[in-house]
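**Student:** Just the structure for this:
(one chain, ligands or ions: 2)
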Amino acid sequence: MKKKQSNKILNCTGKNHIAKAVKLIKAGGLVAFPTETVYGLGADATNDEAVACIFDVKKRPYFNPLIIHFSNLSSLAATVELNRLAEKLALAFWPGALTMILPRKNNCPVSLLASAGLETLAVRIPNHKTANALISAAMTPIAAPSANCSGEVSPSRAEHVWQSLGDKVEIILDGGPCKVGVESTVIDLTSSNPTLLRPGGIVLDDIEKIIGPVSLSDGSKNKIRSPGMLDRHYAPSIPLRLNANKARPGEAFLAFGSRANSHHVNLSHRGDLKEAATNLFAMLRMLDQPNFKGIAVMKVPSVGLGVAINDRLKRAATPL
Ligand code: TXA
Ligand code: MG
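**Tutor:** Residues are numbered from 1 along each chain as shown. Ligands and ions are numbered 1, 2, ... in the order given. Below is the predicted model:
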């Protein structure tokens, strides 16, 4: 059920709204903010209590570490050991939808709770004006998972954050719909063998063009290295049925491409994967209605951004 629109949603073109958000971050509060991928639920990454609040509000298990967001490379270099591959990827894709796992520096100021006690840290520089304005004005790294309850469909619009978290977050900065629409690609660079932990907004082929072959993490290893990669995730409250050609009685239908009936909700009529990624979470939320028995989803090709889309769909379809 949709909750009433909140007066917590602030249009982020207003400069004083950023100032208000910065004040809240500095005081240990939580601010939801837009990035190019999905909305994040941000807190001062150096403040243990503020970081603990993120886990509480999201009902996120403490073993699932958070991504730390920076506005520039120099502030990031103070917290993690950059290596040659990381520097190449930073040059090619930052700011952007890429998260790198790197070793923490000895005197890294980021809360250990944020990285679930691991000796590594997930870091990213987002490509979004509001995110960057917030992070640079706060003058501290911002820990931010997606701004939804753990396991639910991620938020790609300010109102999704309000629907998921409601009163639990004091300020939601509204930057409109997220352009990429799926989360960042997560790559582990802590060994000489770079490994993809989560497909996302930057496609693997483009990464391999810069640093050569990247391994795909196998399920069991992945569980230890990136405990957040839970099987069931991004899930609506009703069942999802994949690779469907049409809806069964009582089901909603989520189409892809021009073969679909024109009155269906369609991730992209022209079969454009970028458009499909942008629409994915908003359309899943739209069809997640109690009057439907489930959502039947048409096949999406597993190439380019389709890999990230299918990863989210597969996890969303995993039964409880
Ligand atoms: O696009 C995104 O990445 C969004 C926006 C807000 O930046 N954030 C996001 O955060 O998706 P979250 O918390 O939903 O996903 C973070 C992922 C999790 O799967 C987590 O397990 C992994 O990153 N991760 C974080 N720190 C890690 C670490 N030290 N080692 C391995 N995986 C890590
Ligand atoms: Mg998430």
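**Student:** In which helix or strand does Leu24 reside?
**Tutor:** Taking DSSP states H and E as the criterion, Leu24 maps to helix 15-26.
**Student:** cool, Val57 as well?
**Tutor:** Under the assignment here (DSSP H and E), Val57 is part of helix 48-58.
**Student:** what is the rounded mean pLDDT of that helix?
**Tutor:** Averaged across helix 48-58, pLDDT comes to 97.
**Student:** mind listing what's buried in the helix or strand following it?
**Tutor:** Later in the chain than helix 48-58, the nearest helix or strand by DSSP H and E is strand 67-69. Across strand 67-69, burial judged by 16 or more other CB atoms under 10 Å covers Ile67, Ile68, His69. Using the backbone N, CA and C atoms, a C-beta is placed for each residue, glycine as well.
**Student:** So is strand 67-69 next to ligand 1?
**Tutor:** Yes - using CB under 6 Å from any ligand atom, strand 67-69 reaches ligand 1 at Ile67.
**Student:** what does the next helix or strand after that strand rub up against?
**Tutor:** Downstream of strand 67-69, the first helix or strand assigned by DSSP H and E is helix 73-77. For helix 73-77, contacts defined as CB atoms under 8 Å, 6 or more residues apart in numbering pick out Phe70, Leu82, Ala90, Trp94, Val123, Ile125, Pro141.
**Student:** Which secondary structure element of this protein has the lowest mean pLDDT?
**Tutor:** helix 219-225 (a mean of 49; mean pLDDT, DSSP states H and E).
**Student:** helices or strands up against the helix holding Val57?
**Tutor:** strand 40-44, strand 142-143 (3 or more CB pairs under 8 Å, 6 or more residues apart in numbering; DSSP states H and E).
**Student:** Out of these, indicate the one that is most buried.
**Tutor:** strand 40-44 (a mean of 29; mean count of other CB atoms under 10 Å).
**Student:** Mind exporting the C-alpha coordinates of it to PDB?
**Tutor:** Extracted in PDB, the C-alpha atoms of strand 40-44 (Å, rounded to 0.1, in the frame of the first residue of the first chain):
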ATOM      1  CA  GLY A  40      21.400   5.600  -0.800                       C
ATOM      2  CA  LEU A  41      20.800   5.700   3.000                       C
ATOM      3  CA  GLY A  42      23.700   7.800   4.100                       C
ATOM      4  CA  ALA A  43      25.500   8.300   7.400                       C
ATOM      5  CA  ASP A  44      28.900   9.600   8.500                       C
END
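**Student:** Show me what the mean pLDDT comes to for that strand.
**Tutor:** 98.
**Student:** now the angle between helix 15-26 and it, please.
**Tutor:** 60 degrees (axes from the mean of the first three to the mean of the last three CA atoms, to 10 degrees).
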